[in-house]
Every structure is written in structure tokens, then in C-alpha cells.
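Asker: task: produce atomic coordinates for the following.
(chains A and B)
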2 protein chains.
Amino acid sequence: MSDDWLATAHALADRAREISLRWFRTPLTVDLKADHSPVTEADCRIEAMCREQLAARYPSHGILGEEFGGVRADAEFVWLIDPIDGTASFISGLPLWGTLIALLQRGQPLIGMIDAPATAERWSAARGDIALFRAAGKSPQACRSSGCNQLSGARLCAPSPDSFVAQQADAFRRLSAQVAIRRHGGDCYAYGLLASGFLDLVVEIDLAPHDHLPLVPVIEAAGGVITDWSGRPLGLHSTGDVVAAATPALHHQALAVLAPGS
Amino acid sequence: MSDDWLATAHALADRAREISLRWFRTPLTVDLKADHSPVTEADCRIEAMCREQLAARYPSHGILGEEFGGVRADAEFVWLIDPIDGTASFISGLPLWGTLIALLQRGQPLIGMIDAPATAERWSAARGDIALFRAAGKSPQACRSSGCNQLSGARLCAPSPDSFVAQQADAFRRLSAQVAIRRHGGDCYAYGLLASGFLDLVVEIDLAPHDHLPLVPVIEAAGGVITDWSGRPLGLHSTGDVVAAATPALHHQALAVLAPGS
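Answerer: Purely as a prediction, here's the structure:
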């Protein structure tokens, strides 16, 4: 059954990719949502397509999407869709955005997928299985997070420092000061690079379940660790702060530095 | 003669791309230079290849490179080479890095090239000619900057806010507050996106001539404007702060906001 779900996720990502690439780097009408985040027609069309496909295929499953909210959110199986994670990059011609898909069973992510259409790359995993990376024209291959277990050697990716406020800004400053390399603005793509062993640490705040739960099976199947800033598993009711690390040791060190008053 | 120089730049970029892609996303030894910026064997090999080719082909021309300094720097014609602009991205598996090549005549950039191997994209221009964009497997096409002439509608790309200090940090904060969308960490790739009309404004500090002069012919031939923060043309003795804009009107507004005490 899990194979069937994963195949469905791949089929959705394939169709989503066709839609997003039709709109990417074309003149776009950009609307601002209530939270001032941007949304385009591409976001809406992708989510509508996914909802239609899922409702036809699994009528008893719930669906939670970024743009159109939830249906049957209390079903045993619920799909999460973030049609374009990194819409600001999408609007700016930058290739670091993606479509995120997850299937949850009673709130636990069973399947996760990060598709990056602009670079033709995809990371996917079912819980308990290996993480797979596929690039255009190549066979899928297993991917593993790096062995980095020291902050001083870590390559960190995070949003802009001024998106962290109050205590979290202090915490991020402490963490930044201890890593080897810091990059910004990778959105979901950064988690793919972590699963492939090229980044070692990703730290974010204010993520919604459709932003973070699709990452969980990929990061965990690749050998990494992903939780909130207090070390709790991510779930539908998480606070939205996320730390993903290549190894348990690196994750432990990052949590210690991010803890208030450390 | 200009065609011959441009053909040489393309040939160098082709060979540089082969080298950089051989090292990209492989385990790398990273050294830190005196200014604490990272350097890899790929940076050094690319620059060495370019120097060898240029010395053989144009023995009277000067060469200024990021890694190995200058030879015949007072020659009428001087080549600038930045083997990997965005080494931190290169080391982190992110695709937004590139090789920069320029040819100067008496300090003025005649030819400029931005090659982005990881995405197989290249922007190039000779002064007074059109700017060309070529993507993998497609014919080169003319590219133009956007018509954006209002800060309130502008898509800005810049380094991390905390890389700006003192007065420049205040200036960057003022500018950030007025634009529509802000992205971080594009390095040279951001200027290519500006030349293609997807970003409208790029603001940086602390760039060296090999970082900024290869951008000048591309941005200008695409219809944009690129100067230092005081509106002066970029040159071998610039202070290193750079503002590139899609239109003269947008450039004028950005300079006004960046001016001290504005």
C-alpha cells in the first residue's frame, strides 16, 4: 500500500512540475495573503490539481493544503500539499523553490517528498525506508546525510537573520557564530541538500505543517534528525520552529546552543 | 577583434565549467584565506587553467585573478578571473555560484561573462552590444532587464543583512523596508537574473574588481544600471559597494535611499 501512496506522490509531483515550470520566469500576477506572504496562480493551480487527483483516488483521505485549507482533516490518512514552498524565490527567478507532499497516518508522516522543478531534482522517502534522490536523466539513488558531528565544521542554511526576533534572534546569533559556513534562503531545497550530505544544519522558524512534515521522512530516512527547537517531534500542532541536522550529535549541540539563556 | 575575445571568454568558461562540475558536490578540502573566505582546489585549478590559456593566446595582456593576484596589471588589456564566485554556496551544494570573466581596456570593461555551471546557464555581453543568455540545450537569446521603476514593486537580492555594518546597515534596512520582495545570497547569479528581468535590484558591499567588473557589460547591455553606492562607475579602484538596478529610475531611487542620512 505504501508503494501505491509513494507512486501517487510521484505522479502528483510530476504534474505539479509541469504546471510550475509553465509559470516560472514568466510575467506573474502576485497577490499577498493575509500574512503578507506572496501567492501566484501557479500555487493555486498546483494545489487544485493535487486536491482533485487525491479526492478521486482516495475519497476517504483528508487533505490539508497551503492555499485552500483542509477537508476531512480528522481522517486516518491526511495528505499535506505545499504547492510552491519558496514562492518569493519563484517570483524572483531563483531556482530554490519546490513542491512539498506528505501523507500522514494519525498525524505521523508516512511519506515525504521535496520536488525542485527548476533544477529537476527530487528527494523522497517512506518512513522506515531509505531516502532517494533523483536528478534529471539519472536513476534514483539512495542519499545519506553527512557525518558532520561538530558545529565548528557545520554548513548551516537558514532564513535571513533579521527574520528571527527577540530570544530566537539571540539564539540564532549564538548558533551562527559557531558554524563553519552560513547560507540563507534555501527554503525546502536546503533540506534536500541536507539529505544529500551537502548541508549539515538547517534552522527555521514559523513553518506550518505543510512546510515541515513533508521533510520529516526524507531527513530521517537519510540518517538525519529533525525536530522543533526543544527537541520535540514535529507534528500538526508544532510551534513551527525547526532544526534539522545531519547527525544526532550535531542536532544535540544545535539544540543546546538554541536553548534560551544558553 | 572583440568577437575573438568573446569567443576566448566562452572557451575559458566552457573549460572552467568542466573543472568546477567535477568538484561540485564531492568531498572537498576547504582552506580559509587571510580574509577568512573559503577557497577550494576547484577555485585554484580553474584560475590556473585560465591563466595558462590567456598567457599562451595573448602574451601581452595582463591578468588579475582572485586566487593568484596580478601579472602585467598595467597592460592596455587586462583579463579578470573569479574562478568561483560564491564559494560558500559551492561548498554547500547550492547551485548559485559561478565563474566570472572580464576583459578590460585601460580599466574599462569591454567584455563580461557570468557562467553558472550548476544550472548550465550563462550571461555574456560585449560593451555596446546586446546581452545574451544561454541555457543548456537552447540557442542563445537576447536578455533585457525588467521595466521596474518603483522601489515598492522591486524584487531585491542582497547578502545577509548582518553582513552590512554601521551606516551601511542602516542604509540597507531603509532600502529593505521599501521593496516588494527580498532574497539573500545569490552572489553573481543574482546579476544574471537581473539581466534576464527576474530580479530588479541587487545591492552588495565589499566586492573586489574581479567580482564586480565582469558584471558591468552584462547589466548595461541588458538595459540596467550598475554603479557604486554613490553612483560612480565601477572600476579597478572602486570601494566595493555595488548597486545594480533594472532601470535608471529604480537605480536613482535606490541611491537616494542608500545615501547617508537619507
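
Asker: so who does the residue nearest to A:Ala245 when sequence neighbours are not counted touch?
Answerer: Leaving aside its chain neighbours, A:Ala245 sits nearest to A:His251 (3.6 Å; criterion: C-beta to C-beta, 6 or more residues apart in numbering or on different chains). No exception for glycine: its C-beta is placed from N, CA and C like everyone else's. Contact analysis of A:His251 by C-beta atoms under 8 Å, 6 or more residues apart in numbering or on different chains lists A:Gly224, A:Val225, A:Thr227, A:Val243, A:Ala244, A:Ala245.

Asker: hmm, 7 Å instead?
Answerer: Listed by C-beta atoms under 7 Å, 6 or more residues apart in numbering or on different chains, the contact set of A:His251 reads A:Val225, A:Val243, A:Ala245.

Asker: and if you look at A:Pro233?
Answerer: A:Pro233 neighbours (C-beta under 7 Å, 6+ apart): A:Thr227.

Asker: what is the neighbour count of A:Pro248?
Answerer: By the measure other C-beta atoms under 10 Å in any protein chain shown, the count of residues near A:Pro248 is 12.

Asker: quick revisit: quick check on the contacts of A:His251: which are buried?
Answerer: A:Val225, A:Val243, A:Ala245 (16 or more other C-beta atoms under 10 Å in any protein chain shown).

Asker: let's verify the second one: helix, strand, or coil?
Answerer: For A:Val243, the assignment made with DSSP: H, G, I helix; E, B strand; the rest coil gives strand.

Asker: per-domain residue ranges of chain A.
Answerer: Residue ranges of the domains in chain A are recorded as A:2-139, A:151-258, according to automatic domain parsing.

Asker: any part of the first one near chain B?
Answerer: What it means is domain A:2-139. Yes - using C-beta under 7 Å from any C-beta of the partner chain, domain A:2-139 reaches chain B at A:Arg25, A:Pro38, A:Ala88, A:Ser89, A:Ile91, A:Ser92, A:Gly93, A:Leu94, A:Pro95, A:Thr119.

Asker: would you map the helices across the stretch 51-200 of chain A?
Answerer: A:87-91, A:166-178, A:188-195 (DSSP state H, counting those that start in this stretch).

Asker: just these: most buried one?
Answerer: Sort the helices of the stretch 51-200 of chain A by mean neighbour count, taking mean count of other C-beta atoms under 10 Å in any protein chain shown, and helix A:188-195 sits at the top with a mean of 30.

Asker: tell me what it is packed against?
Answerer: Other helices and strands packing on helix A:188-195, by 3 or more C-beta pairs under 7 Å, 6 or more residues apart in numbering or on different chains; DSSP states H and E, are strand A:98-105, strand A:108-116, strand A:121-126, strand A:201-204, helix A:215-221.

Asker: partners of the helix or strand following the last one, with directions?
Answerer: Read that as helix A:215-221. Proceeding N to C from helix A:215-221, the next assigned helix or strand is strand A:225-227, under DSSP states H and E. Strand A:225-227 has the following strand partners under DSSP bridges: strand A:242-245 (antiparallel).

Asker: between helix A:166-178 and the next helix or strand after the partner strand, find me the angle.
Answerer: Using DSSP H and E, the helix or strand that follows strand A:242-245 towards the C-terminus is helix A:248-258. Angle of helix A:248-258 versus helix A:166-178, following axes from the mean of the first three to the mean of the last three C-alpha atoms, to 10 degrees, is 130 degrees.
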